[in-house]
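Asks: Pasting the sequence and the predicted model now:
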Amino acid sequence: MIQSSVQAFKSYPGYKAFTIETILLDKPLGFTLYIDNGEKLIKYVRAEGMLQTDTKERLIQNDVDHFYIASGDSHVFDNYMIDNLCTVLNTPGMSKSEKSAIIYSSAIHVMQDMFESDISASKIMRVKELMHETIKRIISSEVTVASLLQLSTHDYKTYSHCVNVALYAIGIGHEYGLNEQELHNIASGAILHDVGKCRIDNCIINKPAKLTLEEFETIKDHPEHSHSILLENGETNPNILEIVLMHHEKLDGSGYTKGLGKNDISFGTQIVTVADIFDALTSNRSYKNAASFFVSLKTMKVQMKTQLNLELIDALIKMMGRA
């Protein structure tokens, strides 16, 4: 079974942390790198500089395994990560865990930036490119869904939830033998399924208690918001658009937004729905603790057996059982 592994970097307001392995050696950066000296952040490499091999080795010897950037450099850093991800992942001798850390932290960073600033067509394209690279690495067995999800803290944030749902969906689809394009459609729909929540008041999204009926009705609008955002930013792939619009539909017609039944819900959407519910159940929320994997799967197979595709839950179990 997958075991959770917490990668905890100290938080500094106005700065974002990421693994040291993300940075290419001897290549101009374009953004300033900071390190934590235990009390505060200090400037380590200037934007016009580069990280040199001996510098990195010295940092690692001193147990420095991550850098910080100023939030204002997020856009430059996102482009750097996506532009260089393939090169970084092809570094000779890089372990599965190192590659997994780079992919997962890249996905978290890009999605966090999407939710904390304006969504654009370029950001959506960047996310889809990241999913393409992730799927390639999973198919080639360089990383696994399990090795990526081990990095999740299971503390619920909308952006981390989107990343986790995409990974679970890729795992289920890969278990079913779906081809690379099918996996890419599913992963893209999964990682973008909740972007519409950026149009809902954060007081509702982050409420530390059960929602009122009125608040829940507001939340139920997020699939349509997600769908609209993608259309506004030029998305034309019908598979991706369907997933973001229909991921809360249930096979017995009890879901939303249209109350569709089994025959009207695509296989890809059914996969994302299972992944979405599983990650929600196994994540800590302000008003509830995470359920165990066993309890969550039992809930889905027993209490939700008319709503979900049970074969997909079985695929999820098989995927996790090999971890």
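Replies: Structure received.

Asks: And for Asp279, the neighbour number?
Replies: For Asp279, the neighbour count with other C-beta atoms under 10 Å is 26. Glycine gets a C-beta too; all of them are placed from N, C-alpha and C.

Asks: quick one, what contacts it?
Replies: Asp279 sits next to 161, 164-165, 168 when contact means C-beta atoms under 8 Å, 6 or more residues apart in numbering.

Asks: Return the distance of the residue in the chain sticking out farthest from the centre relative to Asp26.
Replies: In the chain, counting by C-alpha atoms, centre = their mean, Asp54 sits farthest out from the average C-alpha position, at 32.7 Å. Distance, Asp54 to Asp26, by C-beta to C-beta, to the nearest Å: 10 Å.

Asks: Find residues that contact each of these two.
Replies: Between them, Asp54 and Asp26 share no contacting residue, judged by C-beta under 8 Å, 6+ apart.

Asks: How about the contacts made by Ile205?
Replies: Listed by C-beta under 8 Å, 6+ apart, the contact partners of Ile205 are 158, 197, 219.

Asks: Sorry, slip of the keys, the one I care about is Ile124.
Replies: Here Ile124 is in contact with 192, 230, 233, 235 (C-beta under 8 Å, 6+ apart).

Asks: Which strands or helices does the helix or strand bottoming out on mean pLDDT in the chain pack on?
Replies: Least confident element among the helices and strands of the chain, by mean pLDDT, DSSP states H and E: helix 74-89 (a mean of 83). Packed against helix 74-89 by the contact rule (3 or more C-beta pairs under 8 Å, 6 or more residues apart in numbering; DSSP states H and E) you find strand 15-19, helix 96-116, helix 121-139.

Asks: How far does that helix sit from its chain's centre?
Replies: 16 Å (C-alpha atoms, centre = their mean, to the nearest Å).

Asks: Buried ones in that helix, by neighbour count?
Replies: 74, 77-78, 80-82, 85, 88-89 (16 or more other C-beta atoms under 10 Å).

Asks: And the strands in this protein, which stretches?
Replies: Counting by DSSP state E, the chain has these strands, from start to end: 15-19, 33-36, 41-45, 66-70.
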